[in-house]
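Student: Okay, predicted coordinates and the sequence, questions at the end:
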Amino acid sequence: MHEITAAVMREPEQFSHETVTLEDPNATEVLVDVRATGVCHTDYHAYTNQDINRPVVLGHEGAGVVEAVGEQVTGVEPGDHVVLWVIPSCGQCEYCSSGRPYLCSQYTETRGTMPDGTKRLADEEGSIDHFFSQSSFATKAVVPERSAIPIREDVPFEIAALLGCGIPTGAGAVLNTATVRAGEDVAVFGCGGVGASAILAADLVGARNVIAVDIDADKLDRMREIGATHVVDASETDPVSEIDRLVGGVDYSFECIGRSRTIEQAFNALDRGGTAVATTTKDTGSLEIDGSAFLMGTSIVGNIVGSIRPRADLPKLADLYAEDKLDLDALLTDTYQLSELDAAFEALHEGDGIRNVVEIDG
Ligand SMILES: [Zn+2]
Ligand SMILES: [Zn+2]
């Protein structure tokens, strides 16, 4: 049993910084000393959701150091620096067994508990809900072994935290889901953390034209700095006709907002044979697209967390960062302390910056 400091949400849109207890990991789990954690829209949706079970400790993009492991754990050991991956996967189901852990059938609605349905967090009143079997808005976390991905130690924790969900979702959309090749043309709709990482990845693989689309001029300026060859301000011009004017349609478009209208625009911006990738998992409602476009070989595909196979892909992304090939520093706008979490969520809501991270001192 450990006493930890956690940002407990007892009421919507309000964190209470408390000392709570965290049980030791079970045989297949890992205790992690959390050093940093990303602030993501998925947390924000839970933060503002009146219906989520409370009390709960949110946070699903953690990074830290392994402190203890259960007796059956073989993949990590105390002292390892780890990224806490967002999707807990079982390793056994049809999807995990076929190399698609992001579709794991065991992970679906276990957000409030660990994968075995039990909880490790509590206060005097009773148990506290987990979030994505992680709950990283806390000084320590217990996670399933398969969610703790060891990476090289020279990556700062605030950058490692970026590798827990949003950034691999965008980079993986380009590298895994779409497999963009050198010389192809790419458009990215929405330039937050997911879109910006798609632009970094498109630049990395040698895409020819990389067109960033957003309604925020400051964000578009940043995208030019990290690899966009063209920017389109969708508050001033129709992005589909502008992309057509610039390059005559793109081979791949990435929608990183999660709205029906921008998914339709991403599809309509395709060249013959092009693929639109819907990168986010928000409920977008129905789409209106012209079915005759499929006669030209176009397609539209979904993207679950960048089709990331965490144990294989996250150490590679960490290597690319350490070798100065993937400028994740450019995506980190601000850092906050755990006690400033409400302010970090306010900044997220206001759309300030690309990605914010909370630093956590044990
Ligand atoms: Zn996230
Ligand atoms: Zn599975």
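Tutor: Cool, got the structure. Numbering: from 1, shown residues only. Ligands and ions are numbered 1, 2, ... in the order given.

Student: Excluding sequence neighbours, find me the nearest residue to whichever residue of the stretch 101-250 of the chain sits closest to ligand 1.
Tutor: Nearest residue of the stretch 101-250 of the chain to ligand 1 (Cβ to the ion) works out as residue 165 at 3.2 Å. Heads up, the C-betas are built off the backbone N, CA and C, glycines and all. For residue 165, ignoring the flanking residues on the chain, the nearest one in space by Cβ to Cβ, 6 or more residues apart in numbering is residue 86 at 4.0 Å.

Student: you'd agree the one you found is up against residue 61?
Tutor: Yes: using Cβ atoms under 8 Å, residue 86 is in contact with residue 61, at 6.6 Å.

Student: Just the element for residue 357, please.
Tutor: strand 355-359 (DSSP states H and E).

Student: now that strand: how far from the chain's centre is it?
Tutor: 13 Å (Cα atoms, centre = their mean, to the nearest Å).

Student: buried sites along that strand?
Tutor: Neighbour-count burial for strand 355-359, counted by 16 or more other Cβ atoms under 10 Å, picks out 355, 356, 357, 358, 359.

Student: Among the residues you listed, which one lies nearest to ligand 1?
Tutor: Of all the buried residues of strand 355-359, ligand 1 sits closest to residue 355, with 10.0 Å by Cβ to the ion.

Student: Give me the pLDDT value at the closest residue to that closest one other than its chain neighbours.
Tutor: Setting aside the residues directly before and after it, residue 355 is nearest to residue 193 in space (Cβ to Cβ, 6+ apart), at 4.1 Å. Each residue has a pLDDT score; the one for residue 193 is 93.

Student: what's the neighbour count on residue 193?
Tutor: A count of neighbours around residue 193, defined by other Cβ atoms under 10 Å, yields 28.

Student: mind listing what it touches?
Tutor: If you count contacts by Cβ atoms under 8 Å, 6 or more residues apart in numbering, residue 193 has them with 40, 162, 166, 167, 170, 331, 354, 355.

Student: repeat that for 10 Å
Tutor: Contact analysis of residue 193 by Cβ atoms under 10 Å, 6 or more residues apart in numbering lists 38-41, 61, 162, 165-167, 169-170, 256, 331-333, 348, 353-356.

Student: Next: residue 122.
Tutor: Going by Cβ under 10 Å, 6+ apart, residue 122 touches 1, 20, 21, 22, 23, 55, 128.

Student: Who does it form a beta bridge with?
Tutor: Under DSSP bridges, the beta-bridge partners of residue 122 are residue 21, residue 127.

Student: And residue 332, by the same measure?
Tutor: Going by DSSP bridges, residue 332 is paired in beta bridges with residue 355.

Student: Relative to ligand 2, how far out is it?
Tutor: 31 Å (Cβ to the ion, to the nearest Å).

Student: pretty sure that residue contacts residue 160?
Tutor: No: between residue 332 and residue 160 there is no contact under Cβ atoms under 10 Å: 11.1 Å.

Student: Let me know how buried the residue of the stretch 251-362 of the chain found nearest ligand 1 is, in neighbour terms.
Tutor: Using Cβ to the ion, the single residue of the stretch 251-362 of the chain nearest to ligand 1 is residue 305, 8.4 Å away. Using other Cβ under 10 Å, residue 305 has 23 other residues around it.

Student: list the contacts for it?
Tutor: 85-87, 101-103, 164-166, 168-169, 172-173, 176-177, 279, 281.

Student: circling back: quick one: common contacting residues for residue 332 and residue 160?
Tutor: 38, 357.

Student: So for these two, which sits in the more crowded spot?
Tutor: residue 160 (31 against 20).

Student: pretty sure that one is in a helix, no?
Tutor: Yes: the assignment for residue 160 is a helix, going by DSSP: H, G, I helix; E, B strand; the rest coil.
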